[in-house]
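Trainee: Fold the following for me, if possible:
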Amino acid sequence: MNSKGFLLATIAGAAFAPAAQAADMPMARKAPAYVEPPASWAGWYIGGHIGANWQQAHNDNTYAPYHATSTGTGFIGGGQLGVNWQHGNFVFGIEADGSWLSGGGNIPQDSNGYSASNKIRWLATVRPRFGLAVGDTMVYATAGVAFGGVKNSNTLDSTGTFGTKSESKTRVGWTVGGGVEHMLNRNWTIGLEGLFVDLGRSSVNLGTFNNTPKTTRFSNQAVIGRLKLNYKW
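Mentor: Next up is the predicted model:
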């Protein structure tokens, strides 16, 4: 081979060497696709609710004796704050809420002059929650303590012997219920909840008639259904 041919062969070998080395190198690996972590119910949340309430009240007095029950429906609206912890599919939490209620029950005056009016004006609860989460949806049960502002009154006779007796006070009772909640995304949830509330009994002294003390006992209960929207962080 003459010098000219040797020079051409050397140049060609140098040109193809990098390509051959590149062919021998393994192919560059692609970055793994991002996988979003599974949805979690853990953390704090705050939100609001609207719905309906059905109230029932019992009026018992020792004048006749007389018993009457009033019922009525109305609106409920308010807000809630809570926190959840999650272990696997099980969710544990605690929630506090406050609501304003419309409605209440009235008993029109009967032939003996008896009438009554009963109402829960506001309500607050503090409740643990125990839930089972399947994907983005959770079903839960809840129970706890309830505080309510009640206003009860009654008139016992048309003669005015006893007049109208009333009370306006805060009562403490209990509540139990459950609901279903769904994650719209990682921060927003929507749910439906039902609660039964019992605020216990209280008594109003009516004075003495024929040397016998007379009292009226009031009890207030409510059934609540509401739609809830929460922001979770």
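Trainee: what's near enough to touch residue 231?
Mentor: By C-beta atoms under 8 Å, 6 or more residues apart in numbering, residue 231 lies in contact with 45, 46, 47, 187, 188. All C-beta atoms are positioned from the backbone trio N, CA, C, and that covers glycine.
Trainee: what's across from the second one in the sheet?
Mentor: Read it as residue 46. residue 81, residue 231 (DSSP bridges).
Trainee: That one: neighbour count?
Mentor: 12 (other C-beta atoms under 10 Å).
Trainee: pretty sure it is touching residue 81, no?
Mentor: Yes - counting by C-beta atoms under 8 Å, residue 46 does reach residue 81; the two are 5.1 Å apart.
Trainee: I'd assumed residue 152 was in contact with residue 220.
Mentor: Yes - at 7.2 Å, residue 220 and residue 152 qualify as touching, with contact defined as C-beta under 8 Å.
Trainee: which neighbours do those two share?
Mentor: 57, 118.
Trainee: Tell me where this protein has strands.
Mentor: With strands called from DSSP state E, the chain shows them at 43-61, 66-87, 90-101, 105-107, 115-134, 137-155, 164-183, 188-209, 212-232.
Trainee: Columns mean pLDDT on top of these, output as CSV?
Mentor: Formatted as CSV, those follow (pLDDT from 0 to 100):
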stretch, mean pLDDT
strand 43-61, 95
strand 66-87, 94
strand 90-101, 98
strand 105-107, 90
strand 115-134, 96
strand 137-155, 95
strand 164-183, 93
strand 188-209, 88
strand 212-232, 91
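Trainee: before we move on, the earlier item: ok, and the most crowded of the contacts of residue 231?
Mentor: So for the contacts of residue 231 (other C-beta under 10 Å), the most neighbours sit at residue 45, 21 neighbours.
Trainee: From residue 146, how far out is that one?
Mentor: 21 Å (C-beta to C-beta, to the nearest Å).
Trainee: what do you get for residue 91?
Mentor: 22 Å.
Trainee: hang on, the earlier thing: okay if I get the contacts of residue 231 as a markdown table plus distance to residue 115?
Mentor: Formatted as a markdown table, those follow (distance: C-beta to C-beta, whole Å):
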| residue | distance to residue 115 |
| --- | --- |
| 45 | 44 |
| 46 | 42 |
| 47 | 40 |
| 187 | 51 |
| 188 | 47 |
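Trainee: Of these, which is the nearest to residue 225?
Mentor: residue 47 (16.3 Å; C-beta to C-beta).
Trainee: Report the contact partners of the residue nearest to the closest one when sequence neighbours are not counted.
Mentor: Nearest non-adjacent residue to residue 47, counting by C-beta to C-beta, 6 or more residues apart in numbering: residue 230, 3.4 Å away. Residues counted as contacts of residue 230 (C-beta under 8 Å, 6+ apart) are 45, 46, 47, 80, 82, 181, 188, 189, 190, 191.
Trainee: Please enumerate residues in contact with stretch 106-119?
Mentor: Identification of contacts with stretch 106-119 by C-beta under 8 Å, 6+ apart yields 55, 57, 59, 64, 66, 68, 70, 72, 101, 103-105, 150-159, 218, 220.
Trainee: Any idea how many residues pack against the closest residue in space to residue 134 that isn't next to it in sequence?
Mentor: Take residue 134 and drop its neighbours on the chain: the residue closest to it by C-beta to C-beta, 6+ apart is residue 89, 6.8 Å away. Residues near residue 89, counting by other C-beta under 10 Å, number 12.
Trainee: Could you do the one 4 residues further on as well?
Mentor: Neighbour count of residue 93, defined by other C-beta under 10 Å: 22.
Trainee: For the nearest residue in space to it that is not next to it in sequence, give its distance to residue 141.
Mentor: Leaving aside its chain neighbours, residue 93 sits nearest to residue 84 (3.8 Å; criterion: C-beta to C-beta, 6+ apart). Counting by C-beta to C-beta, the gap from residue 84 to residue 141 is 14 Å.
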